[in-house]
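**Student:** Predicted model and sequence follow; I will ask about them next.
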Amino acid sequence: MEFLDFFVQNREMIYFIILSVFVGVEVIGGVPTVLHTPLMSGANAIHGVVIVGAIIVMLDTDPGNIFGLILGFLAVILGTLNVVGGFVVTDRMLDMFKKK
């Protein structure tokens with residue numbers, strides 16, 4: 001019953017997340033193919049905010065909360081991979097425009 005209570009107490013947040021997913025799919029679906037890669041590499045670079053947020057949450061987490069610390073650690077690792085990947089894609093795109 002706790003599971004159902006969570007949804008009842010947070011239904012507005014859940015509705016907002018579901019609506020955000022649909023809006024995001026429609027916005028990304030409307031982007032032309034030529035612009036998709038530069039926009040995604042820039043969006044990946046912005047994920048540095050995720051890294052900072054995960055670090056802040058991990059600093060505020062109780063040291064005995066192993067599950068929370070593991071999730072925070074995974075968020076930092078995956079956010080870092082996303083940022084590095086965004087810069088690698090951007091660098092490779094810019095290399096295509098250099099004269100040989």
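**Tutor:** Noted; the coordinates are in hand.

**Student:** Quick one: distance of the top helix by length along the chain to the chain centre.
**Tutor:** Taking DSSP state H as the criterion, the chain has its longest helix at helix 66-96. How far helix 66-96 lies from its chain's middle: 9 Å, per Cα atoms, centre = their mean, to the nearest Å.

**Student:** List the buried residues of that helix.
**Tutor:** Within helix 66-96, the residues scored as buried using 16 or more other Cβ atoms under 10 Å are G72, A75, V76, G79, N82, V83, G86, V89, T90. For every residue, glycine as well, the C-beta is placed using N, CA and C.

**Student:** Looking at the residues you listed, which is nearest K99?
**Tutor:** For the buried residues of helix 66-96, the residue nearest K99 by Cβ to Cβ is T90; the value is 18.6 Å.

**Student:** right, and the closest one touches P38 too?
**Tutor:** Yes. Shown here, T90 and P38 form a contact pair, counting by Cβ atoms under 8 Å, at 7.5 Å.

**Student:** Output the below-cut-off pLDDT ranges for the chain.
**Tutor:** 1, 36-37, 41-42, 45 (pLDDT under 70).

**Student:** Which segments of it make up each domain?
**Tutor:** Here the domain assignment for the chain is 1-30, 34-100, based on automatic domain parsing.

**Student:** Go ahead and measure how far the last one is from the middle of the chain.
**Tutor:** Meaning domain 34-100. Distance, centroid of domain 34-100 to centroid of chain: 7 Å (Cα atoms, centre = their mean).

**Student:** Could you report the distance from I14 to F7?
**Tutor:** Distance, I14 to F7, by Cβ to Cβ, to the nearest Å: 6 Å.

**Student:** Show me which of these two is the more surrounded one.
**Tutor:** Set I14 next to F7 and count neighbours by other Cβ atoms under 10 Å: I14 wins out with 13 against 10.

**Student:** Pull the distance from the one helix or strand that one maps to to the chain's centre.
**Tutor:** Element membership of I14 [criterion: DSSP states H and E] is helix 11-29. Distance of helix 11-29 from the chain centroid (Cα atoms, centre = their mean) equals 14 Å.
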